[in-house]
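A.B. asks: Quick one: sequence and predicted model below, then my questions.
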Amino acid sequence: MKFVDEATIDVAAGNGGAGCVSFRREKFIPFGGPDGGDGGRGGGVWAVGDRNLNTLIDYRYARRHEAKNGEPGRGSDQFGAAADDIVLRMPVGTILRDAETDEVVAELLVPGEPVLVCKGGDGGFGNLHYKTSTNRAPRQKTPGWPGEAKRLRLELRVLADVGLLGMPNAGKSTLIAAISNARPKIADYPFTTLHPNLGVVRVGPEKSFVVADIPGLIEGAAEGAGLGHQFLRHLQRTELLLHLVDLAPFDDADPARQAKAIVEELRKYDESLYQKPRWVVLNKMDMVPHNERAARVKNFIKQLRWKGLVFEISALTRQGLEPLIHAIYDHVAAHRAPVIPEPDARFEVSAQALSQLEDLDPRFRGD
């Protein structure tokens, strides 16, 4: 399936049904009075996050979504039926923006939680609504209110705890395949990864975190070189960035210079993303001779002027992965919001019920 993380759609809620002017007409009842009902409410448009979806491909081709109008009111005190709402299912992490004002309409961060995008129009009033003691035969009615209509720009940002950053062929796909259940495409040529991949890393019972692998960056990505910056948005919700560096490149490139170029591209794209916690992970250490490893690592850190955490791993041979995984989980768990359990409704007692219990049995009294 083609990965699509941007789309533009038009959504429109239904209009409310018009009210009715009608009077009761039956034999032997010459003055039956007004009996025109109100119109029905128009259908609304809702959006809901679905964890089973991972792309916006459905909205690349289906661009128009309209709810039905409410039914008009009728005589004999019959109110119009309300129209059904329509629900648009999107991947969790989708941001809905108004295409004209660029205002954020909704963010789908909780699976299964519906969000109202366009409100349906209310139904109009029939003449039964205007009946009073002094106005016995009203002839007023109102049309239904129009429903909202918007043009929305959909933008998908995957939900992950950790993001992988680095040059093409730095070993990001190999790493995510080694530590998680993800099975990305792995090959020995640049830009093997063409769309983000998500993997769940299991550290222990009820201990896990999500890793996002995005296509590699190269110098000049801000000007559109390579795949550009189009996938960096998927790292904006992460708590930690892992900067993978190939310490044994085949083309004798300078790893420190390549690492500086990636950091500069990150800063050009988004300052808040640049300020996120970032660790350096030196990959392919199995290809570096043992007698050169210490010197090469020391020289790289000196050239990069790096003062943060550094991990030496080999994603292919799984060397050094266990310490890295546990360090990542400790960092992610420390920054996660604590989950406050909801009170159990079975043990909630209303004040009225408690008063009745006190009257029946003095043991329930506070004294």
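C.D. replies: Right, received. Where do you want to start? Numbers count the residues shown, from 1 in each chain.

A.B. asks: Domain parsing of the chain, as residue ranges.
C.D. replies: 1-156, 162-335 (automatic domain parsing).

A.B. asks: Make TSV from those domains and add mean pLDDT and mean neighbour count to it.
C.D. replies: All C-beta atoms are positioned from the backbone trio N, CA, C, and that covers glycine. Formatted as TSV, those follow (pLDDT from 0 to 100; neighbours: other CB atoms under 10 Å):
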stretch	mean pLDDT	mean neighbour count
domain 1-156	88	18
domain 162-335	78	17
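
A.B. asks: for Arg74, what are its contacts?
C.D. replies: By CB atoms under 8 Å, 6 or more residues apart in numbering, the contact set of Arg74 is Cys20, Ser22, Gly36, Gly37, Gly80.

A.B. asks: could you redo the last one with a cut-off of 7 Å?
C.D. replies: Contacts for Arg74 (CB atoms under 7 Å, 6 or more residues apart in numbering) come out as Cys20, Gly37.

A.B. asks: now swap in the one 10 residues further on and tell me
C.D. replies: Contacts were defined as CB under 7 Å, 6+ apart; by that measure Asp84 touches Gly43, Lys68.

A.B. asks: try Ala248
C.D. replies: Taking CB under 7 Å, 6+ apart, we find Ala248 in contact with Lys284, Met287, Val288.

A.B. asks: Among those, which one lies nearest to Gly163?
C.D. replies: Lowest distance from Gly163 to those (CB to CB) belongs to Lys284, with 19.9 Å.

A.B. asks: Pretty sure the closest one sits against Asp246.
C.D. replies: Yes: using CB atoms under 7 Å, Lys284 is in contact with Asp246, at 5.5 Å.

A.B. asks: shared neighbours of the two, which are they?
C.D. replies: Common neighbours of Lys284 and Asp246 (criterion: CB under 7 Å, 6+ apart): Gly171.

A.B. asks: Show me the contacts of Ala248 that map onto helices.
C.D. replies: Among those, no residue falls in helices (DSSP state H).

A.B. asks: Throw the residues you listed into JSON lines and include distance to Val158, thanks.
C.D. replies: Shown next, in JSON lines, are the contacts of Ala248 (distance: CB to CB, whole Å):
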{"residue": "Lys284", "distance to Val158": "26"}
{"residue": "Met287", "distance to Val158": "31"}
{"residue": "Val288", "distance to Val158": "33"}
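
A.B. asks: Give me the subset of those residues lying in strands.
C.D. replies: Among the contacts of Ala248, none falls in strands (DSSP state E).

A.B. asks: Leu164: which of those residues is nearest?
C.D. replies: Among the contacts of Ala248, and counting by CB to CB, the member closest to Leu164 is Lys284, at 14.6 Å.

A.B. asks: out of everything not next to it in sequence, what's closest to that closest one?
C.D. replies: Ala248 (4.7 Å; CB to CB, 6 or more residues apart in numbering).

A.B. asks: Give the helix, strand or coil label for that neighbour.
C.D. replies: Look at Ala248: counting by DSSP: H, G, I helix; E, B strand; the rest coil, its state is coil.

A.B. asks: and the most centrally placed residue in the chain, what is it in contact with?
C.D. replies: Nearest to the geometric centre of the chain sits Gly93, at 1.4 Å (CA atoms, centre = their mean). The contact partners of Gly93, by CB under 7 Å, 6+ apart, come to Leu108, Leu109, Leu156, Arg157, Val158, Leu159.

A.B. asks: Can you tell me the SS state at the last one?
C.D. replies: Classification of Leu159 by three-state DSSP places it in coil.

A.B. asks: where does it land on pLDDT?
C.D. replies: Looking at Leu159, its pLDDT is 77.

A.B. asks: Tell me where the stretch 51-200 of the chain has strands.
C.D. replies: Assigned by DSSP state E, counting those that start in this stretch, the strands in the stretch 51-200 of the chain fall at 64-66, 86-91, 94-98, 104-107, 114-118, 149-156, 162-166, 197-204.

A.B. asks: out of those, which comes closest to Ser272?
C.D. replies: Per CB to CB, nearest to Ser272 of the strands of the stretch 51-200 of the chain: strand 162-166, 13.3 Å.

A.B. asks: Send me the closest one as PDB with only the CA atoms.
C.D. replies: Extracted C-alpha coordinates of strand 162-166, given in PDB (Å, rounded to 0.1, in the frame of the first residue of the first chain):
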ATOM      1  CA  VAL A 162      11.800   7.400  19.900                       C
ATOM      2  CA  GLY A 163      12.800   8.600  16.400                       C
ATOM      3  CA  LEU A 164      15.800   7.400  14.300                       C
ATOM      4  CA  LEU A 165      17.700  10.100  12.500                       C
ATOM      5  CA  GLY A 166      20.700   9.700  10.200                       C
END
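
A.B. asks: gap between the two ends of stretch 99-107?
C.D. replies: With CA to CA, to the nearest Å as the measure, stretch 99-107 spans 15 Å from end to end.

A.B. asks: from now on call the first residue 21
C.D. replies: That works, and once the first residue is 21, the last one we named lands at stretch 119-127.

A.B. asks: Show me what that stretch is in contact with.
C.D. replies: Identification of contacts with stretch 119-127 by CB under 7 Å, 6+ apart yields Thr28, Ala67, Ile115, Leu116, Arg117, Asp118, Val135, Val137, Arg171, Leu172, Arg173.

A.B. asks: Perfect, that will be all.
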